[in-house]
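Student: just need the structure, nothing else, for what follows:
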Amino acid sequence: MMEAIRHWLLGLGLHYGVNPLLFGAIYVGAVPLFSLSLAWLARSVRRRKSPVVPALSALFWFVSAYLYLLVAGRNIPAWVYFFIAAMVIAGGYSAVRKIAANLRQAGRPT
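Tutor: Coordinates of the predicted model:
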C-alpha cells in the first residue's frame, strides 16, 4: 500500500514537473520561519515600528511552497490555482485574526 502511494506521488511529480518531496520539505520547513516572522511582526507592532518587512516575510514563508509549485510546475490543472488561492485567502484571514487577538490581549488596540 505504501509503495503504491509513493509511486503515485512520484508519478504526479514527474507529470507536473514538481518534486513532491521538495514541495513537502518547503511546506514543512517554512512553518517555523513563518512563526518567527509572526513573532517579529507582533514585536514590531508593539514597539510601534514599521510592520512592512515582517509582514512581507510572513507572507513569503506562508506561500513559499505554493510559489515553488507555480514556478516549477507545468500542466497544472486550473482547479489547483483556485485551490491555492482559497488556501492563501483562508490562511491569511486566520493569521490576521490571530495577530489581532494577540495584540488585543497585549493591550494594544487593533
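Student: by mean pLDDT, flag the weakest helix or strand of the chain.
Tutor: Least confident element among the helices and strands of the chain, by mean pLDDT, DSSP states H and E: helix 2-16 (a mean of 79).
Student: show me the contact partners of it.
Tutor: The contact list for helix 2-16, computed with C-beta atoms under 8 Å, 6 or more residues apart in numbering, reads 18-21, 73-76. Just so you know, the C-beta spots here come from the backbone N, C-alpha and C atoms, and that holds for glycine as well.
Student: could you do stretch 19-29 as well?
Tutor: Applying C-beta under 8 Å, 6+ apart, the external contacts of stretch 19-29 come out as 9-10, 12-13, 64-65, 68-69, 72.
Student: and it, how far out from the chain's middle?
Tutor: For stretch 19-29, the distance between its averaged C-alpha position and the chain's averaged C-alpha position is 12 Å (C-alpha atoms, centre = their mean, to the nearest Å).
Student: send me that stretch as PDB with only the CA atoms.
Tutor: The C-alpha atoms that make up stretch 19-29 are tabulated as PDB, following Å, rounded to 0.1, in the frame of the first residue of the first chain:
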ATOM      1  CA  ASN A  19       9.300  17.100  -6.800                       C
ATOM      2  CA  PRO A  20       6.700  16.200  -4.200                       C
ATOM      3  CA  LEU A  21       9.500  15.600  -1.600                       C
ATOM      4  CA  LEU A  22      10.900  19.100  -2.200                       C
ATOM      5  CA  PHE A  23       7.400  20.600  -2.000                       C
ATOM      6  CA  GLY A  24       6.800  18.800   1.300                       C
ATOM      7  CA  ALA A  25      10.100  19.900   2.700                       C
ATOM      8  CA  ILE A  26       9.400  23.500   1.700                       C
ATOM      9  CA  TYR A  27       5.900  23.300   3.200                       C
ATOM     10  CA  VAL A  28       7.100  21.800   6.500                       C
ATOM     11  CA  GLY A  29      10.300  23.800   6.700                       C
END
